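[1] Structure for the following, please:
(chains A and B)
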Amino acid sequence: NAGVTQTPKFRILKIGQSMTLQCTQDMNHNYMYWYRQDPGMGLKLIYYSVGAGITDKGEVPNGYNVSRSTTEDFPLRLELAAPSQTSVYFCASSLPDRVNEQYFGPGTRLTVT
Amino acid sequence: QKEVEQNSGPLSVPEGAIASLNCTYSDRGSQSFFWYRQYSGKSPELIMFIYSNGDKEDGRFTAQLNKASQYVSLLIRDSQPSDSATYLCALYNNNDMRFGAGTRLTVKP
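    Prediction:
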């Protein structure tokens, strides 16, 4: 099993550009999450999904969109990139009865200039 | 008031000593509590979780929870240089996970 994979590892965007951060897990986990981590800070939940076709907002959803068409994939979309979205983005997944065991991907480091 | 408060450190302890990491939280509805370890440039990894008041031990790690005082701590016994990392406290309530900013721990040989 590859676990949770994220692409790309690094990306530099110009203000106003858009992009999709990819996240895939091969553990058949129902629950998936997107977090952002700013320098010296903890993680903040952006969006989460409890299964295919079901998504919900977390603590900091503004400026982002998600979709969940399959169990495996949970892409995060930035439509109009802003410097405030410069951060490291982590995707995670878990089983619904083991939400404490979140498996994290390696992260995507995004810079918006 | 931040929802999850941690001393940012750095906390420095000599090898073999006990490292004590503390976390306070404001949401009394929080159901479960976690400690994650994060090495520089890496993703967080779960060390401990605790649901009930009291202590929970796992090897060199002990998590302590006091819901009345809204306080959770992590003790690392026999600290090793490989324990040097940032430790994130997190709490879970109804599909929402909230993290503290983390405490940076340095264990000196």
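[2] List the beta-bridge partners for the residue of chain B found nearest chain A.
    Scanning chain B for proximity to chain A using C-beta to the nearest C-beta identifies residue B:99 as nearest, at 3.3 Å. Backbone N, C-alpha and C define where each C-beta goes, glycine included. For residue B:99, the beta-bridge partners are residue B:90 (DSSP bridges).
[3] Next up, the contacts around it.
    By C-beta atoms under 8 Å, 6 or more residues apart in numbering or on different chains, the residues touching residue B:99 are A:35, A:42, A:43, A:44, B:4, B:36, B:88, B:89, B:90.
[4] Out of those, list just those in strands.
    A:35, A:43, A:44, B:4, B:36, B:88, B:89, B:90 (DSSP state E).
[5] Buried residues in the helix or strand bottoming out on mean pLDDT in chain B, which are they?
    Ranked by mean pLDDT, DSSP states H and E, the weakest helix or strand in chain B is strand B:96-99, scoring a mean of 87. Buried residues in strand B:96-99, counted by 16 or more other C-beta atoms under 10 Å in any protein chain shown: B:96, B:97, B:98, B:99.
[6] out of those residues, what pair is the most spread apart?
    Using C-beta to C-beta, the buried residues of strand B:96-99 span at most 11.0 Å, a distance reached by B:96 and B:99.
[7] Give me the phi and psi for residue 59.
    All of this is about chain A. Dihedral angles of residue A:59 (phi, psi; degrees, to the nearest 10) stand at phi -80, psi -30.
[8] Chain B was what I was after
    Torsion angles at residue B:59 (phi, psi; degrees, to the nearest 10) stand at phi 60, psi -120.
[9] That one and residue A:67, how far apart?
    Distance of residue B:59 to residue A:67, computed by C-beta to C-beta, to the nearest Å: 40 Å.
[10] more crowded one of the two?
    residue A:67 (16 against 10; other C-beta atoms under 10 Å in any protein chain shown).
[11] for chain A, what spans make up the strands?
    Using DSSP E, strands in chain A cover A:4-7, A:10-13, A:19-25, A:31-37, A:43-51, A:54-57, A:64-66, A:76-78, A:87-94, A:103-104, A:108-112.
[12] near chain A, which residues of chain B show up?
    Neighbours of chain A within chain B, by C-beta under 8 Å from any C-beta of the partner chain: B:4, B:6, B:8, B:32, B:34, B:42-46, B:49, B:88, B:90, B:92, B:95-102.
[13] Would you mind listing which of those are buried?
    Members of these classed as buried by 16+ other C-beta under 10 Å are B:4, B:6, B:32, B:34, B:43-44, B:46, B:49, B:88, B:90, B:92, B:96-102.
[14] Would you point out which residue is most central in chain A?
    Taking C-alpha atoms, centre = their mean as the criterion, residue A:34 is the residue nearest the geometric centre of chain A, at 3.0 Å.
[15] which ones are touching the nearest residue to it once chain neighbours are set aside?
    Distance criterion C-beta to C-beta, 6 or more residues apart in numbering or on different chains; nearest residue to residue A:34, sequence neighbours excluded, is residue A:46 at 4.4 Å. Residue A:46 is in contact with A:34, A:35, A:36, A:58, A:59, A:60, A:61, A:64, A:66, A:76, A:89, counting by C-beta under 8 Å, 6+ apart.
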